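> no sequence on hand, only this structure:
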């Protein structure tokens with residue numbers, strides 16, 4: 001029986017040593033696993049910090065790019081608005097010039113037709129109108145042919161009497177008519 005007990009004891013000892021060896025091996029594996037987990041945690045923390053820094057840098061770069069794009073767009077918008085204002089001002093000035101030229105041409109046609117019919121109005125300063133039209137580079141108005149019939153009576157006295165009470169400006173025009181309209185439009189009377 002002793003041999004049976006010895007064998008059992010040896011078997012138990014073997015199992016105990018095997019269990020202790022297994023226990024040591026598991027303890028070593030546990031320590032290695034803990035070290036690996038700690039290393040992986042440090043690596044993860046370092047990567048996390050790296051990616052957070054990279055994300056912040058990218059966010060800052062994107063915000064700077066967006067800010068720059070907004071500034072560029074605002075500058076382009078301001079330039080387009082300024083160009084629009086300049087174009088509109090140029091258009092208005094051109095339109096004013098066109099209106100003044102048309103007005104002068106109409107005055108000259110009226111004066112020439114009256115002259116062709118034999119009427120004279122001393123208050124009309126035709127030479128000044130022709131000069132202004134030439135200065136504005138307007139198309140000159142052609143004088144119509146003289147009226148073929150007899151000379152109609154001149155109404156110089158009637159025109160002078162009618163215009164006697166009206167104010168005369170330096171150009172010789174009477175009243176506040178078209179010359180004031182031209183001054184308001186920016187052209188010299």
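Good, I have the coordinates. Predicted model, so just to flag it, every value in this text is computed and none were measured.

> for the helix or strand containing residue 105, packing partners?
Element membership for residue 105, per DSSP states H and E: helix 2-116. Contacts defined by 3 or more Cβ pairs under 8 Å, 6 or more residues apart in numbering; DSSP states H and E place helix 2-116 against helix 126-135, helix 178-184. C-beta coordinates here come from the backbone N, C-alpha and C atoms, glycine included.

> would you single out the least confident of those?
Note on those: helix 178-184 shows the lowest mean pLDDT, a mean of 44.

> the helix holding residue 105 vs helix 126-135, what angle?
Using axes from the mean of the first three to the mean of the last three Cα atoms, to 10 degrees, one finds that helix 2-116 and helix 126-135 are set 150 degrees apart in direction.

> pLDDT on helix 2-116, on average?
Helix 2-116 shows a mean pLDDT of 86.

> please apply the same query to stretch 136-146.
So the average pLDDT for stretch 136-146 ends up being 72.

> buried residues of it, list them for me.
Across stretch 136-146, burial judged by 16 or more other Cβ atoms under 10 Å covers 138, 141.

> roughly how far out does that stretch sit from the chain middle?
Put simply, stretch 136-146 sits 43 Å off its chain's centre (Cα atoms, centre = their mean, to the nearest Å).

> show residues contacting it.
Applying Cβ atoms under 8 Å, 6 or more residues apart in numbering, the contact partners of stretch 136-146 are 97, 100-101, 104-105, 108-109, 112-113, 115-116, 130, 133-134, 187.

> pull out the buried residues from the residues you listed.
97, 100-101, 104-105, 108, 115, 130, 133, 187.

> show me the two of these that sit farthest apart.
Pairwise distances across the buried ones among the contacts of stretch 136-146 peak at 26.3 Å for 97 and 115 (criterion: Cβ to Cβ).

> ok so, going back, could you dump the buried ones among the contacts of stretch 136-146 into JSON lines and include distance to residue 68?
Below are those laid out as JSON lines (distance: Cβ to Cβ, whole Å):
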{"residue": "97", "distance to residue 68": "43"}
{"residue": "100", "distance to residue 68": "48"}
{"residue": "101", "distance to residue 68": "49"}
{"residue": "104", "distance to residue 68": "53"}
{"residue": "105", "distance to residue 68": "54"}
{"residue": "108", "distance to residue 68": "59"}
{"residue": "115", "distance to residue 68": "69"}
{"residue": "130", "distance to residue 68": "59"}
{"residue": "133", "distance to residue 68": "54"}
{"residue": "187", "distance to residue 68": "47"}
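
> ok, residue 66 - contacts?
By Cβ under 8 Å, 6+ apart, residue 66 lies in contact with nothing.

> ok, it to residue 125 distance?
Residue 66 sits at a distance of 65 Å from residue 125 (criterion: Cβ to Cβ, to the nearest Å).

> repeat that for residue 74.
Distance, residue 74 to residue 125, by Cβ to Cβ: 53 Å.
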